[in-house]
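Asks: Attaching a predicted model along with its sequence, questions to come.
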2 protein chains.
Amino acid sequence: MDTTAALAALGALAQDHRLAVFRLLVQKGPEGLPAGAIADATAMPASSLSFHLAHLQRAGLIVQRRVGRSLVYSADFAAMSAVVGYLTENCCASATCVPAACVPAACAPASPIQTRRKSA
Amino acid sequence: MDTTAALAALGALAQDHRLAVFRLLVQKGPEGLPAGAIADATAMPASSLSFHLAHLQRAGLIVQRRVGRSLVYSADFAAMSAVVGYLTENCCASATCVPAACVPAACAPASPIQTRRKSA
DNA sequence: ACTACATTTCGATCATTCTGGAAATATCGA
DNA sequence: TCGATATTTCCAGAATGATCGAAATGTAGT
């Protein structure tokens, strides 16, 4: 993950509503949640939610798929892992920090369905 | 680290100049760098830099100390570690994610001087 | 084709953040 | 105390971001 992508991801998460939405989607795992259900859970108006979902998606943190007439969103765990990787790689002066084993693909969902995006 | 603090940290890092400054300070380790040197390295006007340094400091990511007539800034590795901890704890549905050994105090500087702040 | 439903896009408004010059503050050495 | 250096605070303007109702789009069932 390059700095531009990291910046986009950090910017997307640095907002209370978006962080709440993302955490909710992470909880729900690869199955995700339709926009309506997210709106209910977070008690925000549809248009505002849509704005934030688009922001998270632009940043590559969530993924959208259509199911019937609903748009179902789910967290992109590989992208999140890349963000954590970027931060760990850039938060320490040298290699003395995190055991290397922790960095690659650190964020995997409980079940193995995986959204299969470019692993950054 | 609670969500409010994480939000502040993410917000502080989600800006190109601030991310650059923070990465520079992380590289420099606990010794840090005076504001003037940071201004030189990043080629930004003093007042703008001061604004961003204050932002990073409010978020708890960097620490300031006076050395002569310089104000020396250094990364707070414990705080950064807390941010990574928050993200890893909140990026996975269950405990299947990062081996627990990686989370606590993950971000330590090469030398053991440690800025000694509340560990978030 | 029509109606209902789920969600997005548009547009206007309000709030926040970024920027950088000029003035103020703090420290040091003589 | 004075002048030089280092940095911050103040200020105003420009840019970006957030909010949410209303209208538009897309999908499904009949």
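Replies: Thanks, I have the structure now. Residues are numbered from 1 along each chain as shown, chains lettered A, B, ... in the order given.

Asks: make it CA atoms for all contacts and neighbour counts henceforth
Replies: Noted.

Asks: is stretch A:9-21 up against chain B anywhere?
Replies: Yes - counting by CA under 8 Å from any CA of the partner chain, chain B has neighbours in stretch A:9-21: A:10-11, A:13-16, A:19.

Asks: What's the PyMOL line that selects buried ones from those?
Replies: Command for PyMOL that selects the buried part of the residues of stretch A:9-21 next to chain B, burial taken from 16 or more other CA atoms under 10 Å in any protein chain shown:
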select buried, chain A and resi 10+11+13+14+15+19
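
Asks: Could you report the neighbour count for residue A:5?
Replies: Neighbour count for residue A:5, taken as other CA atoms under 10 Å in any protein chain shown: 17.

Asks: who's in contact with it?
Replies: residue A:59 (CA atoms under 8 Å, 6 or more residues apart in numbering or on different chains).

Asks: what's the most distant pair in the residues of stretch A:9-21 next to chain B?
Replies: Largest separation among those by CA to CA: A:10 and A:16, giving 12.2 Å.

Asks: Look through chain A and state the residue closest to DNA strand C.
Replies: residue A:36 (2.8 Å; CA to the nearest atom of the strand).

Asks: Show the pLDDT at that residue.
Replies: pLDDT, residue A:36: 97.

Asks: what about it, which helix or strand?
Replies: helix A:35-42 (DSSP states H and E).

Asks: Output the contacting helices and strands for that helix.
Replies: When contacts are defined as 3 or more CA pairs under 8 Å, 6 or more residues apart in numbering or on different chains; DSSP states H and E, helix A:35-42 sits against helix A:16-28, helix A:46-58, strand A:70-75.

Asks: how about the first one: buried residues?
Replies: Residues of helix A:16-28 classed as buried by neighbour count (16+ other CA under 10 Å): A:17-28.

Asks: Tell me the pLDDT of the one residue sitting closest to the centre of chain A.
Replies: With distances taken as CA atoms, centre = their mean, residue A:61 lies nearest the centre of chain A, 3.2 Å away. Residue A:61 is assigned a pLDDT of 97 by the prediction.

Asks: pretty sure it contacts residue A:79?
Replies: Yes - the pair residue A:61 / residue A:79 is scored as a contact, 5.8 Å apart, by CA atoms under 8 Å.
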